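In: test case, fold it:
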Amino acid sequence: MEVLRGVAHGKIIEREMELALPEGQRVAVTVQPLVSAAEEISPLPPGEGLRRAFGAWAEDGDELDKYLEWNRQQRKIARPEIAP
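Out: Numbering: from 1, shown residues only. Okay, the predicted model is just below:
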């Protein structure tokens, strides 16, 4: 299996390099978008990925607290008592 890079143009993907396959060979293709060149060169600063991921809860802090408390209570219900 070989990973190739290319650029999408409508229904066509233009490869950066030639394939080492005979003309007419059937292939399976899995497409995965790559990050932009700027992001590839400059990775996120430490903690920025987490900040972006947790940003989804930024507007719902109270609702998140309620959900986490409910989750803790549900765990206690299903947990058997520990015998001494």
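In: ranges for the helices of this structure?
Out: 37-41, 48-54, 61-78 (DSSP state H).
In: now render the ones you listed as JSON lines, adding mean neighbour count.
Out: C-beta coordinates here come from the backbone N, C-alpha and C atoms, glycine included. Rendered in JSON lines, the data for these read as follows (neighbours: other Cβ atoms under 10 Å):
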{"stretch": "helix 37-41", "mean neighbour count": "8"}
{"stretch": "helix 48-54", "mean neighbour count": "10"}
{"stretch": "helix 61-78", "mean neighbour count": "9"}
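In: got those as JSON lines, with distance to residue 27 and mean pLDDT columns?
Out: Below are the helices of the chain laid out as JSON lines (distance: least, Cβ to Cβ, whole Å; pLDDT from 0 to 100):
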{"stretch": "helix 37-41", "distance to residue 27": "26", "mean pLDDT": "59"}
{"stretch": "helix 48-54", "distance to residue 27": "34", "mean pLDDT": "79"}
{"stretch": "helix 61-78", "distance to residue 27": "46", "mean pLDDT": "87"}
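In: minimum distance to residue 23: which of the ones you listed has it?
Out: The closest of these to residue 23 is helix 37-41. By Cβ to Cβ, the value is 31.4 Å.
In: quick revisit: so for residue 30, which of the helices of the chain sits nearest?
Out: Nearest of those to residue 30, taken as Cβ to Cβ: helix 37-41 at 19.6 Å.
In: need the residue closest to the centroid of the protein.
Out: Nearest to the geometric centre of the chain sits residue 53, at 10.4 Å (Cα atoms, centre = their mean).
In: so how far is residue 72 from it?
Out: Distance from residue 53 to residue 72, counting by Cβ to Cβ, to the nearest Å: 22 Å.
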